[in-house]
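Trainee: fold the following and give me the result.
(one chain, ligands or ions: 1)
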Amino acid sequence: MSESGTSDHPHLPPAYRLVVLETCDSTNSEAMRRAEEGAEDGTLIWARRQTEGRGRRGRSWQSLAGNLFFSLVLRPDCSPQQAAQLGFVAAVALGDALGSVAPPMIEVQFKWPNDVLLNNRKAAGILLESKIVDGAMEWLVLGIGVNVEAYPADLEPPATSLRFEGAPGDVTAVRMLEAFAPHFMSRVNRWLDDGFAPIRRSWLNHAYGLGEQIGVDLSHERLEGRFKDLDENGTLILELPDGGTRSIAAGDVYRIG
Ligand code: BTN
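Mentor: This next block holds a predicted model:
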């Protein structure tokens, strides 16, 4: 791991404490180590390269050259259940940022829980990891990976990158982070003032598979049904073939048919 003093680093609003690394194992691991050492709320670890990127549910995150990898240390004054909403806040802010830098014909969608799709293919993922002591949040690390230049070729369902979808060459990892940072601040402020409802509405406006037949992979079970709603906590409501509903807190969604 090395800290860089080069000038081609992102310029972020002063509320962020930016740490620039040439390379690290995982920006989430680095942010968690620093959170344990007392890093302040708003500490943002950005690495040009990542050797052991992690995804949700124990998966690895292929960290290809030129893509964006960063993690933010947050110390929200809220319950762990409310803190999970920050994954949706981040997804919606990423959507705002993509909307501001990507060509207008690119369709941005949110795939439950926290993926961002471009033209139906995954371009960004979000990983939340937290420390809870006696039922209270001590810290939360919000890790985001965006495929800017390249995407892994061997994924099912297939992924994509901003460049592949036609974003011009000046849309770089640095520019994406600069676009995300202020949008995230304003979305977090709205969330603090007005709660989850406005975030939920924005997310549902661009939700992948909403109202359609979907499959959901849980750790030991696979369910099929209609994606009926997102509840006030961010839980997916699946309408089952027998007319009943099931609330799902964690899993992977895929479209059927
Ligand atoms: C997912 O879709 O499964 C979440 C992927 C999150 C990847 C990012 S890249 C930056 C940060 N560091 C990690 O190791 N993971 C997150």
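
Trainee: hang on, L210 packs against R226?
Mentor: No. Taking C-beta atoms under 8 Å as the contact criterion, L210 and R226 are not neighbours in contact, 9.3 Å apart. C-beta here means a position set from N, CA and C on the backbone, and glycine is covered the same way.

Trainee: secondary structure class for the residue of the chain found nearest the ligand?
Mentor: Distances between the chain and the ligand by C-beta to the nearest ligand atom are smallest at G125, namely 2.1 Å. Using DSSP: H, G, I helix; E, B strand; the rest coil, the structure places G125 in strand.

Trainee: now for it: which residues touch it?
Mentor: Counting by C-beta atoms under 8 Å, 6 or more residues apart in numbering, G125 touches G55, R56, W61, N114, D115, V116, I144, G145.

Trainee: which parts of the stretch 101-250 of the chain are helices?
Mentor: Taking DSSP state H, counting those that start in this stretch as the criterion, the stretch 101-250 of the chain carries its helices at 173-194, 197-205.

Trainee: deepest-packed of these, please.
Mentor: For the helices of the stretch 101-250 of the chain, ranked by mean neighbour count under the definition mean count of other C-beta atoms under 10 Å, the leader is helix 173-194 at a mean of 18.

Trainee: if the closest residue to S79 other than its chain neighbours is in a bridge, with which residues?
Mentor: Computed as C-beta to C-beta, 6 or more residues apart in numbering, the closest residue to S79 that is not its neighbour in sequence is M137, at 7.2 Å. Listed by DSSP bridges, the beta-bridge partners for M137 are I132.

Trainee: pretty sure M137 contacts A84?
Mentor: No. With contact defined as C-beta under 8 Å, M137 does not reach A84; the gap is 10.2 Å.

Trainee: circling back to that earlier point, cross the contacts of G125 against strands and list the overlap.
Mentor: Among the contacts of G125, the ones falling in strands (DSSP state E) are D115, V116, I144, G145.

Trainee: just put the helices of the stretch 101-250 of the chain in CSV and tack on mean pLDDT and distance to L240.
Mentor: Listed next are the helices of the stretch 101-250 of the chain as CSV, based on pLDDT from 0 to 100; distance: least, C-beta to C-beta, whole Å:
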stretch, mean pLDDT, distance to L240
helix 173-194, 97, 31
helix 197-205, 98, 20
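
Trainee: next, format the ones you listed as TSV and append distance to the ligand.
Mentor: Converted to TSV, the helices of the stretch 101-250 of the chain look like this (distance: least, C-beta to the nearest ligand atom, whole Å):
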stretch	distance to the ligand
helix 173-194	11
helix 197-205	16
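
Trainee: the stretch 1-150 of the chain against the ligand: which residues are in contact?
Mentor: 26-28, 53-56, 59, 61, 69-71, 115, 125-127, 143-145 (C-beta under 6 Å from any ligand atom).
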